[in-house]
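> sequence first, predicted coordinates after that:
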2 protein chains.
Amino acid sequence: MNTRTALLNSAESAARQRGYDGFSYADLAQEVGIRKASIHHYFPKKADLALELLERYAAGFMDDLAEIDTANSSAADKLRAYHTLYRDALVDGTQLCLCVAFSAGRDSLPEPVLRVLNQFHADSITWLTRVLSIATDDGSVAGLTDAEAEAHATLALMEGAQLVARAADSAAPFDRATAAFIARLSAPSTH
Amino acid sequence: MNTRTALLNSAESAARQRGYDGFSYADLAQEVGIRKASIHHYFPKKADLALELLERYAAGFMDDLAEIDTANSSAADKLRAYHTLYRDALVDGTQLCLCVAFSAGRDSLPEPVLRVLNQFHADSITWLTRVLSIATDDGSVAGLTDAEAEAHATLALMEGAQLVARAADSAAPFDRATAAFIARLSAPSTH
DNA sequence: ATGAAACTACCTACCACTAGGTAGGGTGGC
DNA sequence: GCCACCCTACCTAGTGGTAGGTAGTTTCAT
């Protein structure tokens, strides 16, 4: 594998475990099998690495959302898939969504990284609002009134559920916290 | 003011802004007006400080919950007050609930601190489950089915809403994310 | 009532260690 | 010959933490 990609991969899992301040060039160097100084050849500053890392992550996430859109026809199915995305990102409570991990330590984030982070949130809200609007029309989510308000609530719920799971070092709290949300969705389409 | 208390206060606001790794003895020393080494007189290790800090915070939070219980009779009112607690802790999106701030960087937390953190979550769930059970009976929260599941969801929602607000450095996202929750509560009692 | 002992609350000066980052050199493939 | 790639060696600034000292206060037996 490409050294550059190896560095990004290593940085991603470290950042999702310990946040932006929680991983160092020394860590990456050891894991990738390269000298610390050599990393600067690919990423002159840590800010450069973090920016590319988050951009890659956000892009991948948006791709996943697009794929969810094509693979699932009903709004309820899309939301179930969205939930699975966050659930799978947990990996037994050891890893967070990169955006959750970065949000917490936002004070130490370089400004460009912060912009991408906010863009990620905005894009997530756009997607959720669209799907929840469909759900409002077809009635596949129980008790829906305001799609946009519900979109913000859903995003906060997923991120918060990840956080409590991380604190407990287990995926169980995530499942408990999101059970009520899943219960509101109409039965899966079986075509 | 007591030097010890001044140190705890300074540490609290710093930790709620930047997490456990994000504040140093040097920072505290400067803010309190004392030499760095002198802090060790009160708190030999940073772990000691963090433990006492979180214990104080958790105790204060539980006191607030007890006060909410006596000051509000209806379940809906109690939940509104609970929401206000998290909302007020934000301070324009610059400060998080200490437990949210600590959860994110849980890897660097000393083990005793982690225990108090998990206890805080457990106590919160207990309180929420009790209040939501009452709400299930008196019907003051719309669309309630499982009180305990809803308790976990509510905690995750509050913590997640704080997190997105922190990322945006504004309280507005918190209000948007929790609007749907508030809308489910029956009208305030006016006696 | 007084003087020694002990304690509180700070200080200066330092430790070992890690962080991100830099300067400059070697080497192998196009 | 060039340049991507990786190296050794080093820097500055910070981290939590320690050693040892010093005023001022409290305690207490004589």
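The structure has been received and is ready for your questions.
> need the single longest helix in chain A, by residues.
helix A:111-138 (DSSP state H).
> tell me what it is packed against?
Packing contacts for helix A:111-138, counted by 3 or more Cβ pairs under 8 Å, 6 or more residues apart in numbering or on different chains; DSSP states H and E, involve helix A:46-71, helix A:75-90, helix A:98-104, helix A:147-168, helix B:147-168. (Each C-beta comes from the backbone N, C-alpha and C, glycine too.)
> residues in contact with stretch A:184-191?
With Cβ atoms under 8 Å, 6 or more residues apart in numbering or on different chains as the test, stretch A:184-191 has contacts from A:73-74, A:76-77, A:79-80, A:139-143, B:143.
> thinking again about what came up before, as CSV, the helices and strands packed on helix A:111-138 with mean pLDDT would be great.
Converted to CSV, the helices and strands packed on helix A:111-138 look like this (pLDDT from 0 to 100):
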stretch, mean pLDDT
helix A:46-71, 96
helix A:75-90, 97
helix A:98-104, 93
helix A:147-168, 97
helix B:147-168, 97
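> these: which one's closest to residue B:52?
Closest to residue B:52 of the helices and strands packed on helix A:111-138 is helix A:147-168 (Cβ to Cβ; 19.2 Å).
> output the helix or strand that that closest one is followed by in CSV with nothing but the alpha carbons.
Once the chain leaves helix A:147-168, the next helix or strand it forms, by DSSP states H and E, is helix A:172-183. Below are the C-alpha coordinates for helix A:172-183, written out as CSV (Å, rounded to 0.1, in the frame of the first residue of the first chain):
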residue,chain,number,x,y,z
ALA,A,172,-24.6,-1.3,23.8
PRO,A,173,-25.4,2.3,25.0
PHE,A,174,-25.6,3.3,21.3
ASP,A,175,-28.2,0.7,20.7
ARG,A,176,-30.2,1.6,23.7
ALA,A,177,-30.1,5.3,22.9
THR,A,178,-31.3,4.8,19.3
ALA,A,179,-33.8,2.0,19.9
ALA,A,180,-36.7,4.5,20.2
PHE,A,181,-35.7,6.2,16.9
ILE,A,182,-35.7,2.8,15.1
ALA,A,183,-39.0,1.9,16.6
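> average pLDDT across helix A:172-183?
Helix A:172-183 shows a mean pLDDT of 97.
> report the buried residues of that helix.
A:173-181 (16 or more other Cβ atoms under 10 Å in any protein chain shown).
> what does stretch A:79-99 give?
Within stretch A:79-99, the residues that count as buried by 16+ other Cβ under 10 Å are A:79-83, A:86-87, A:89-90, A:93, A:95-99.
> of the residues you listed, closest to DNA strand D?
Proximity of the buried residues of stretch A:79-99 to DNA strand D (Cβ to the nearest atom of the strand) peaks at residue A:96, which lies at 22.9 Å.
> and DNA strand C, which of the helices and strands packed on helix A:111-138 is closest to it?
Proximity to DNA strand C (Cβ to the nearest atom of the strand) singles out helix A:46-71 among the helices and strands packed on helix A:111-138, at 3.7 Å.
> is DNA strand C within reach of the closest one?
Yes: Helix A:46-71 is in contact with DNA strand C by Cβ under 7 Å from any atom of the strand, via A:46-47.
> also stretch A:13-33?
Yes: using Cβ under 7 Å from any atom of the strand, we find that stretch A:13-33 touches DNA strand C at A:23-27.
> what does the average pLDDT come to for that stretch?
Mean pLDDT, computed over stretch A:13-33, is 93.
> so for the residue nearest the centre of chain A, what's the pLDDT?
Centroid-nearest residue in chain A, with Cα atoms, centre = their mean: residue A:97, separated by 3.6 Å. We have a pLDDT of 95 for residue A:97.
> and it, how far is that from residue B:150?
Distance of residue A:97 to residue B:150, given as Cβ to Cβ, to the nearest Å: 23 Å.
> list the buried ones in the longest helix of chain A?
For helix A:111-138, by 16+ other Cβ under 10 Å, it's A:113-114, A:116-118, A:120-121, A:124-125, A:127-129, A:131-136.
> hang on, residue A:159 packs against residue A:101?
No: with contact defined as Cβ atoms under 8 Å, residue A:159 and residue A:101 do not form a contacting pair (10.2 Å).
> residues in contact with residue A:95?
Shown in contact with residue A:95 (Cβ under 8 Å, 6+ apart): A:13, A:16-17, A:89.
> ok, residues contacting the host helix or strand of residue A:14?
Per DSSP H and E, residue A:14 falls inside helix A:3-18. Residues from elsewhere that reach helix A:3-18, judged by Cβ under 8 Å, 6+ apart: A:22-23, A:27-28, A:31-32, A:34, A:39, A:42-43, A:49-50, A:52-53, A:56-57, A:89, A:94-98, A:101-102, B:105, B:107-108.
> please redo it, this time with the cut-off set to 6 Å
A:23, A:27-28, A:31-32, A:42, A:49, A:53, A:95-96, A:98, A:101, B:107 (Cβ atoms under 6 Å, 6 or more residues apart in numbering or on different chains).
> roughly how far is that helix from the heart of the chain?
15 Å (Cα atoms, centre = their mean, to the nearest Å).
> ok, that helix near DNA strand D or not?
Yes: residues of helix A:3-18 contacting DNA strand D under Cβ under 7 Å from any atom of the strand: residue A:3.
> what parts of chain A come near chain B?
A:18-19, A:21, A:103-107, A:117, A:143, A:149-150, A:152-153, A:156-157, A:159-161, A:163-164, A:166-167, A:176-177, A:179-180 (Cβ under 6 Å from any Cβ of the partner chain).
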